[in-house]
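# attaching a predicted model along with its sequence, questions to come.
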Amino acid sequence: MSTPEAAFAGPGILLVLDGWGQAPAADDNALALAHTPVLDELVTRFPSTLADASGEAVGLLAGTVGNSEIGHMVIGAGRPLPYDSLLAQQAIDNGTLRAHPRLGTVLDKTAAAGRALHLIGLCSDGQIHAHVEHLSDLLAAAAAHQVSRVFIHAITDGRDVADHTSPAYLAQVAEFTDRAGTGRIATVIGRGYAMDKAGSLDLTEQAVALVADGRGTPVDSVDQAVAASERGDEWVPASVLTATGDAAITDSDAVVWFNFRSDRIQQFADRLIEHLTATGRSVDMLSLAQYDTRAAIPALVQRADASGGLADELAAAGLRSVRVAEAEKFEHVTYYINGRDATVRDVEEHVRITGEGKPDYIARPQMNLDRVTAAVVQAAGRADVDLVVANLANIDVVGHTGHLAATVTACEATDAAVGQILGAARDSGRWVLAVGDHGNAEKMTKQAPDGTVRPYGGHTTNPVPLVIVPAREIRSASTLPEKATLADVAPTVLHLLGHKPGSAMTGRPLL
Ligand SMILES: O=C(O)[C@@H](CO)OP(=O)(O)O
Ligand SMILES: [Mn+2]
Ligand SMILES: [Mn+2]
């Protein structure tokens, strides 16, 4: 491997622009509509390429949109990692999920005792947190083990899929139960409540009371539940299907969570476990994939090993890094980029920027970007810091609102922040590697199954820009390979820092 050119070598900044995808200019492309002189100049003036951030290139099923977890994990690991959604799908396809001994034991016990099985999860095919078809396999397993009382506690989406599509997914669930010959939808609630991860326990408690105690608005149909929301599928109020009858969790029941991604379901799982324990109910609980809950829940699919990534290499080389992000993406530049490892290594400093009050992303698309930027600039000015790792969250977080004008403002705010960070990098003699973790804001509409084009705040399969800004003016024009993936980021970062890629990394230095 060659040594990096002098203009590139040395301390640097790894800047993840969350949700920064590439697509041709169009009237639903917020990044193209926004006035972004800094980002525009970045990709034309400095070595840049497009990196794959979705599907097989990062460890997802082919054609699956990228997401922040796998995006940051692959950026850190320097190799694609079979993600939980892929592992769950493989376990379904090869029959090991429904034949899982842990599942079999729980189902047999439940059937023998005449107890109920509760299946809780997000009902859509967004494939970021869950896939509704995984529920179908669990229903088939329940039927095979003669569990006759099966209650589905459905969480509606509207974020990873177009809004107002939840009735179609709930109809699909009804088809699954018909086909399996067991199971009924017992409750419905929006993910805004059931999948809060901001610590808003008042929201989580509504989901807990619904599922554990059957406390919610009585409804005659799932459509009635969905129609009661004034803010789309994400905020469907806690609803109890009267036709299903009493589906509260009783002692010795079984609970299986079918989200594969932990971050947004773990707060609910934690609180449900605590509530059941406090009310003297002991249940058998399983989760599809591993959750980061306070009390461990046995999982049906084990996580891929993500060790040997950037954090381990930086620690081995004694290179100091400062990680900066606002609350929404803090775990991404710490826990996920470190390979789902919560250890804070001696050479790491973590800076979490929090705002005041409840964020309103449409009213304040700037979020707390000024403070994130200030923290990055401050860390960049420190001679003892080899690498600053930062996530600028706005493009993705505001993009999720599906609100085009607010997302355009978020892109413009990000552009100005990148401008300031580039200035600080020049002053401190640092290179900057800027990269998206998956697409989002470059596509703000989606065609619904009925042919209508609707606002869409979710992620995309588009590639992401990857740019390397040298520490000093370059004389010879360096170019990057035409094709890259997120797995190339860690090897490139280590190379720019004057080190070899880790032996576990399969990505390559791009310079
Ligand atoms: O907000 C989230 O939970 C997902 C979308 O469902 O986005 P991200 O992968 O960027 O966290
Ligand atoms: Mn992201
Ligand atoms: Mn996102």
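In hand now; what should we look at? Ligands and ions are numbered 1, 2, ... in the order given.

# does residue 379 touch residue 321 like I think?
No - counting by CB atoms under 8 Å, residue 379 stays clear of residue 321, with 9.0 Å between them. Heads up, the C-betas are built off the backbone N, CA and C, glycines and all.

# give me the common contacts of those two.
By CB atoms under 8 Å, 6 or more residues apart in numbering, residue 379 and residue 321 have these common neighbours: 349, 385, 388.

# quick one: the strands in the stretch 351-500 of the chain, in order.
Secondary structure of the stretch 351-500 of the chain (DSSP state E, counting those that start in this stretch): strands at 387-392, 431-436, 445-447, 453-455, 464-469, 483-485.

# by contact count, what packs against the fifth one?
What that stands for is strand 464-469. helix 37-45, strand 48-52, strand 431-436, helix 489-496 (3 or more CB pairs under 8 Å, 6 or more residues apart in numbering; DSSP states H and E).

# quick check: which of the ones you listed is nearest to ligand 1?
Ligand 1 sits nearest to strand 431-436 of all the helices and strands packed on strand 464-469, at 11.0 Å, using CB to the nearest ligand atom.

# quick revisit: nearest to residue 345, out of the helices and strands packed on strand 464-469?
Evaluated with CB to CB, the helices and strands packed on strand 464-469 place helix 489-496 nearest to residue 345, the distance being 15.0 Å.

# for the record, mean pLDDT for that closest one?
The predicted model gives helix 489-496 an average pLDDT of 98.

# do stretch 420-437 as well
Rounded mean pLDDT across stretch 420-437 is 98.

# and if you look at stretch 41-61?
So the average pLDDT for stretch 41-61 ends up being 96.

# now look at it and say if it contacts ligand 1.
No - for stretch 41-61 and ligand 1, the contact criterion (CB under 6 Å from any ligand atom) is not met; the two come no nearer than 11.2 Å.

# now do stretch 351-363
No - between stretch 351-363 and ligand 1, judged by CB under 6 Å from any ligand atom, nothing touches; the nearest distance is 11.3 Å.

# next: stretch 422-437.
No - against ligand 1, stretch 422-437 shows no contacts by CB under 6 Å from any ligand atom, the least distance being 7.5 Å.

# just to revisit the earlier point, between the shared contacts of residue 379 and residue 321, which sits nearest residue 23?
Once CB to CB is applied, the member of those that ends up nearest residue 23 is residue 388, at 28.6 Å.

# for the closest one, name its beta-bridge partners.
Per DSSP bridges, the residues bridged to residue 388 are residue 13, residue 322.

# that one touches residue 16, doesn't it?
No - using CB under 8 Å, residue 388 makes no contact with residue 16, being 11.4 Å away.

# residues near whichever residue of the stretch 1-150 of the chain sits closest to ligand 2, how many?
Nearest residue of the stretch 1-150 of the chain to ligand 2, counting by CB to the ion: residue 68, 3.0 Å away. For residue 68, the tally of surrounding residues (other CB atoms under 10 Å) stands at 26.

# who are the contact partners of it?
Contacts of residue 68 by CB under 8 Å, 6+ apart are 18, 329, 332, 336, 396, 437, 438.

# check residue 434 too.
Residue 434 neighbours (CB under 8 Å, 6+ apart): 15, 16, 17, 42, 418, 465, 466, 467, 469.

# flag every residue of the stretch 101-250 of the chain that's near ligand 1.
Counting by CB under 6 Å from any ligand atom, the stretch 101-250 of the chain sits next to ligand 1 at 128, 129, 159, 160.

# out of those residues, which touch ligand 2?
For ligand 2, no contacts are drawn from these by CB under 5 Å from the ion.

# how about these in TSV, adding neighbour count?
As requested, these are exported to TSV (neighbours: other CB atoms under 10 Å):
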residue	neighbour count
128	27
129	26
159	27
160	21
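
# okay if I get the residues you listed as JSON lines plus secondary structure?
JSON lines is the format used below for those (DSSP: H, G, I helix; E, B strand; the rest coil):
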{"residue": "128", "secondary structure": "coil"}
{"residue": "129", "secondary structure": "coil"}
{"residue": "159", "secondary structure": "coil"}
{"residue": "160", "secondary structure": "coil"}
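
# hmm, back to that, out of the strands of the stretch 351-500 of the chain, which is closest to residue 136?
Taking CB to CB as the criterion, residue 136 comes closest to strand 445-447 out of these, the separation being 23.9 Å.

# residues of the closest one that come out buried?
Buried positions in strand 445-447, judged by neighbour count with 16 or more other CB atoms under 10 Å: 445, 446.

# run me through the strand neighbours of that strand, direction for each.
Counting by DSSP bridges, the strands paired with strand 445-447 are strand 453-455 (antiparallel).
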